[in-house]
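>>> Generate a structure from the sequence data that follows.
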Amino acid sequence: MLDFINYPVSGIMWVWHKVFGTLFGAASGISWALSIMFLVFTLRAILFKPFVKYVRSMKQMQEFAPQMQKLREKYGNDRQRLAAEMQKLQSEHGFNPLGGCLPMLVQIPVFFGLTNVLQGFKAGAEQNFFFGAEDVKSYLAAKLLGANFSSSLTATAETLAHYGTDRNVQIFVTIPIMIVASALTHLTSRHSVARQNPAAANQQTAIMNKLALYVFPLGVLVAGLFLPMGMLLYWVSNNLWTLMQQYVVYHRIDREEEQKKQDAISKRQNLAPKPGQKPARKRPAADTTATSSGEDPTKAENDKPADKPAANGSAPKDDSARPKPGTVPGIIDDRSRGKKQNRKRR
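I've put the predicted structure just below:
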């Protein structure tokens, strides 16, 4: 049913096993362990861009959470109107809540595909998708520090003996892997919770955060008792990649937002007047009229007509020849004339 997933997953794992098999040997447990881990890394690298989109979508959803909460309070009794307003808000900001869930949804069939491939390594199997009979025998015989990839902690003594291992060795190797997988699950959840917007917090969010921080890591520990060691390596690899990927993507988004803030501040500073500089004044309406027609204001001033001559042809009178205010034309001040005569007599 899931052969369209099983064959690509087994094909990628087969390629990595051939690569590491040339370095450490085809039957080496290190080759099989690295092939499982790099299978996970390859699939997660393919989904890197959708993951970035998912992170941006979740961040955008947190920013719109207060507005959505107001819409719920306003149209809580009218579901049809509430759905319309929600859709309107999402379309205005180009937000698609389902588009960011693609990476999480794709990992589900990949997980089942890897489970089917690992469970396909059975004694007597002639083929396991891309793997042939020799590869199946190699996987069943491979051991990592004495522990078998197909054995679990709850396997019967007969099963452990069939794979050539015992329970003490399986516990010694498997339990540390379980603890690391659980710790990485907690760290990835903690990293995601720390990025949440406090304004978008509600009771439902608080419950989900507690589940992600404590219940899911505990679930990995419990599931580790029943899962084969190969699946535990998948959990460790997947959570390790997720933790590193979150660190890279979150810091990348933080740098982009910080750059946008700096650009906005620089733009405002460039538009604002410099210290000590007076703001530019608007020109009078007359000047704007002159400049709007494309003429030079100084030229318009120089082109004004000069004073016209008088009607009898005489030159225009000079303003300096006019009598001063308070004096009578043609009459000289007697006092000043008397002073001049006294000076001549002496």
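>>> List the contacts of L160.
Going by CB atoms under 8 Å, 6 or more residues apart in numbering, L160 touches N148, S151, D166, R167, Q170. (C-beta placed from N, C-alpha, C; glycine too.)
>>> and N128, backbone torsions?
phi -140, psi 80 (degrees, to the nearest 10).
>>> which residues touch V220?
Contacts of V220 (CB under 8 Å, 6+ apart): M178, A181, S182, T185, W235.
>>> hmm, back to that, of the contacts of L160, grab the buried ones for PyMOL.
Applying 16 or more other CB atoms under 10 Å to those leaves a buried subset, and the PyMOL line that selects it is:
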select buried, resi 148+151+170
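>>> Between which two of the contacts of L160 is the distance greatest?
Greatest spacing in the contacts of L160, by CB to CB: N148 and R167 (11.3 Å).
>>> closest to S10 among the contacts of V220?
The closest of the contacts of V220, once distances to S10 are taken by CB to CB, is W235, at 18.9 Å.
>>> my guess is that closest one meets A181, correct?
Yes: using CB atoms under 8 Å, W235 makes contact with A181 at a distance of 4.1 Å.
>>> In the stretch 201-346 of the chain, where is pLDDT below threshold?
201-202, 272-346 (pLDDT under 70).
>>> buried sites along stretch 72-84?
Buried-residue list, stretch 72-84, by 16+ other CB under 10 Å: Y75, L82.
>>> Let me know the helix or strand that the spatially most central residue of the chain is in.
Centroid-nearest residue in the chain, with CA atoms, centre = their mean: I253, separated by 3.4 Å. If you go by DSSP states H and E, I253 is part of helix 229-271.
>>> distance of H186 from K260?
Distance, H186 to K260, using CB to CB, to the nearest Å: 32 Å.
>>> Contact partners for A142?
A27, S28, G29, S31, W32, N148, F149.
>>> S28 versus that one, what's the distance?
Distance from A142 to S28, by CB to CB: 7 Å.
>>> Q80 now?
63 Å.
>>> Overlap in contacts, W235 and A181.
With CB under 8 Å, 6+ apart, W235 and A181 have common neighbours V220, G224.
>>> The two - which one has more neighbours?
Neighbour totals were compared for W235 and A181, and A181 leads with 25 against 22 (other CB atoms under 10 Å).
>>> ok, now which ones touch the more buried one?
A181 touches V220, G224, L232, W235, V236, N239, counting by CB under 8 Å, 6+ apart.
>>> change it to 6 Å
V220, L232, W235, V236 (CB atoms under 6 Å, 6 or more residues apart in numbering).
>>> same thing with N238?
Contacts of N238 (CB under 6 Å, 6+ apart): V40.
>>> Distance-wise, check it relative to L47.
For N238, the distance to L47 - CB to CB - is 11 Å.
>>> Kindly report the same for A147.
A147 is 30 Å from L47, by CB to CB.
>>> Over stretch 66-85, what's the mean pLDDT, rounded is fine.
Averaging pLDDT along stretch 66-85 yields 75.
>>> For the stretch 51-200 of the chain, just list every one of the helices.
79-92, 102-119, 133-141, 157-162, 167-194 (DSSP state H, counting those that start in this stretch).
>>> Can you lay out those as CSV showing distance to E126?
What follows is the helices of the stretch 51-200 of the chain, written out as CSV (distance: least, CB to CB, whole Å):
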stretch, distance to E126
helix 79-92, 53
helix 102-119, 15
helix 133-141, 5
helix 157-162, 19
helix 167-194, 28
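>>> do you know which of these lies nearest V52?
Nearest of these (CB to CB): helix 102-119, 9.1 Å.
>>> confidence score at H191?
Model confidence at H191 (pLDDT) stands at 83.
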